[in-house]
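Undergrad: What follows is a predicted structure for the sequence shown.
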Amino acid sequence: MPQIVSPLQYKQYSEILNCPPATEAEHKLQVALQESGQHKEETKHQMIGLQAASVLQIQYCNQVHGQLAAQEEKAGRKKGTRLVGDGLPCMLTGDVFVAQVITHENAMEAEAREKEMRAKRRAEHSEELAHWKREEIEQCGKQLRSRWI
């Protein structure tokens with residue numbers, strides 16, 4: 001969970017640092033305090049940079065996640081007839097793969113038979129419709145002729 005970096009505080013110890021040091025120890029402490037403040041400021045700048053990078057990375061990941069989901073959905077709609085379509089190597093003579101090949105071939109044959117049956121039913125249906133229309137036309141023609149006679 002990201003933490004918010006507090007804003008930079010300039011001249012936090014300005015009263016202590018502006019006082020002239022009375023002893024050498026005070027001078028060393030003032031120098032150490034200045035170095036500590038600079039180090040803290042540098043660390044905050046680095047944290048701000050890291051947070052900015054993190055925000056950009058999160059936005060990029062969300063965008064790529066959406067693109068990947070769309071791509072997977074599009075790929076899922078396609079009918080796959082490949083057994084080894086993942087790009088990974090597999091043992092082509094293994095019992096598991098041979099069983100997959102057999103079931104795949106059986107499924108493809110069943111699908112081909114179903115497709116052929118649908119085509120045959122569709123052809124029969126269209127033939128029956130054409131025959132029915134011809135009979136309708138003939139009956140209408142007979143009715144019209146009977147009215148004229």
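TA: Now that the structure is in, tell me what you want to look at. As the structure is a computational prediction, the values presented were derived from the model and not from experiment. Residues are numbered from 1 along each chain as shown.

Undergrad: residues touching residue 61, list them.
TA: Going by Cβ atoms under 8 Å, 6 or more residues apart in numbering, residue 61 touches no other residue. The C-beta positions use only the backbone N, C-alpha and C, and glycine is treated the same way.

Undergrad: mind checking how far the strand or helix carrying it is from the chain centre?
TA: Here residue 61 is covered by helix 24-77, with elements defined by DSSP states H and E. In terms of Cα atoms, centre = their mean, to the nearest Å, the centre of helix 24-77 is found 26 Å from the chain centre.

Undergrad: Counting by contacts, list what the helix or strand of the chain with the lowest mean pLDDT packs against.
TA: Using mean pLDDT, DSSP states H and E, the weakest-scoring helix or strand in the chain turns out to be helix 14-18, at a mean of 77. Contacts defined by 3 or more Cβ pairs under 8 Å, 6 or more residues apart in numbering; DSSP states H and E place helix 14-18 against helix 24-77.

Undergrad: I'd like the next helix or strand past the helix it packs on.
TA: Criterion used, DSSP H and E; the element after helix 24-77 is helix 95-148.

Undergrad: got a list of what residue 147 touches?
TA: No residues are in contact with residue 147 under the rule Cβ under 8 Å, 6+ apart.

Undergrad: tell me the pLDDT at it?
TA: We have a pLDDT of 78 for residue 147.

Undergrad: so how far is residue 128 from it?
TA: 29 Å (Cβ to Cβ, to the nearest Å).

Undergrad: Residue 45 too?
TA: Taken as Cβ to Cβ, the span from residue 45 to residue 128 is 82 Å.

Undergrad: again with residue 65
TA: Distance, residue 65 to residue 128, by Cβ to Cβ: 53 Å.

Undergrad: Kindly state the pLDDT recorded for residue 133?
TA: You'll see residue 133 listed with a pLDDT of 92.

Undergrad: any idea how far it lies from residue 139?
TA: Taking Cβ to Cβ, one finds residue 133 at 11 Å from residue 139.

Undergrad: again with residue 62
TA: 68 Å.

Undergrad: same check, this time on residue 42
TA: 98 Å.
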